[in-house]
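Peer 1: Give the three-dimensional model of this entry:
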Amino acid sequence: MRKKDLKIFLDEKVQKYNNPKFIESDPIQIPHLFHKKEDIEIAGFLAATISWGNRTMIIKNAKKMMHLLDDAPYDFVINHEEKDLENLNNFVHRTYNSTDFKQFIKSLKHIYKNHNGLESALKIKDNSNNYQTAIHSFKQLFFEINHESRTLKHVSDPLKNSAAKRINMFLRWMVRNDKAGVDFGIWPSHNPANLSCPLDVHSGNVARKLKLLTRKQNDWKALTELDKNLRKLDAKDPVKYDFALFGLGVFEKF
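Peer 2: Residues are numbered from 1 along each chain as shown. I've put the predicted structure just below:
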């Protein structure tokens, strides 16, 4: 497919899927339960963190997370005491358990109290045009307090060649203002041109079929290749094509 035809094809798929109907079956519905910026951020970050596996179960467990946080995630994070964390004791989503959940609450409190919140902590602070070093630095901040070693695996590190699918998805939610009511665009200090596609088995397979990606593994090297090709199609908003790739893979079995 020629570049011009590919862009037309993918832009049509973006129009099809980047609309409020998408929210109904996607974990992005969790932060959409809230209106306060910090609630949206924390709800989104936690929902994105457990976004692997069956989508119905992801959404069910993410809603359970919010309920355990009294449906006020920022207030719980900032004001919780050790005894309040006992409420989380029975939570589990696949390999993410109550120990990890408690650590995330403590680390989020640290991020908001000492690093001006998630928006600041995840900012690109060098001259790079992607979030590779920003996510790596964020992980260091997140775990600079006393932490459970088992929980380290639940925050990806792109400098170890992870595609960091879940954090890139969370960044899309927070940074990209799609004017369609799906992505939030509540982080004006970030630039959507620097976002990367949340690369998973669905988007990766579709990208390879469309010759946007040749690398076989879904890792950061593959993401760099995909970034380069998507930015040729739209330099200002490349990650809008996540809707096209994901929709083609999940809903159309492309």
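Peer 1: What separation do you get for the residue nearest to residue 176 when sequence neighbours are not counted and residue 67?
Peer 2: Leaving aside its chain neighbours, residue 176 sits nearest to residue 183 (4.2 Å; criterion: CB to CB, 6 or more residues apart in numbering). Using the backbone N, CA and C atoms, a C-beta is placed for each residue, glycine as well. As judged by CB to CB, to the nearest Å, residue 183 and residue 67 stand 25 Å apart.
Peer 1: Comparing those two, which shows the higher neighbour count?
Peer 2: A side-by-side neighbour count of residue 183 and residue 67, using other CB atoms under 10 Å, places residue 183 first with 24 against 10.
Peer 1: so what's that one up against?
Peer 2: 28, 172-177 (CB atoms under 8 Å, 6 or more residues apart in numbering).
Peer 1: same thing but at 7 Å, please
Peer 2: 172-173, 176-177 (CB atoms under 7 Å, 6 or more residues apart in numbering).
Peer 1: now the helices for the stretch 151-254 of the chain?
Peer 2: Assignment of helices within the stretch 151-254 of the chain using DSSP state H, counting those that start in this stretch yields the ranges 165-175, 201-209, 220-233, 241-246.
Peer 1: Report the rounded mean pLDDT for the shortest one.
Peer 2: Helix 241-246 comes out with an average pLDDT of 96.
Peer 1: What is that helix packed up against?
Peer 2: Applying 3 or more CB pairs under 7 Å, 6 or more residues apart in numbering; DSSP states H and E, we find helix 241-246 packed against helix 3-17, helix 201-209.
Peer 1: I'd like those helices laid out as TSV, including mean pLDDT, mean neighbour count and distance to residue 223.
Peer 2: Output for the helices and strands packed on helix 241-246, formatted as TSV (pLDDT from 0 to 100; neighbours: other CB atoms under 10 Å; distance: least, CB to CB, whole Å):
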stretch	mean pLDDT	mean neighbour count	distance to residue 223
helix 3-17	95	15	17
helix 201-209	95	19	9
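Peer 1: closest one to residue 77 among those helices?
Peer 2: Residue 77 lies closest, by CB to CB, to one member of the helices and strands packed on helix 241-246: helix 201-209, at 30.6 Å.
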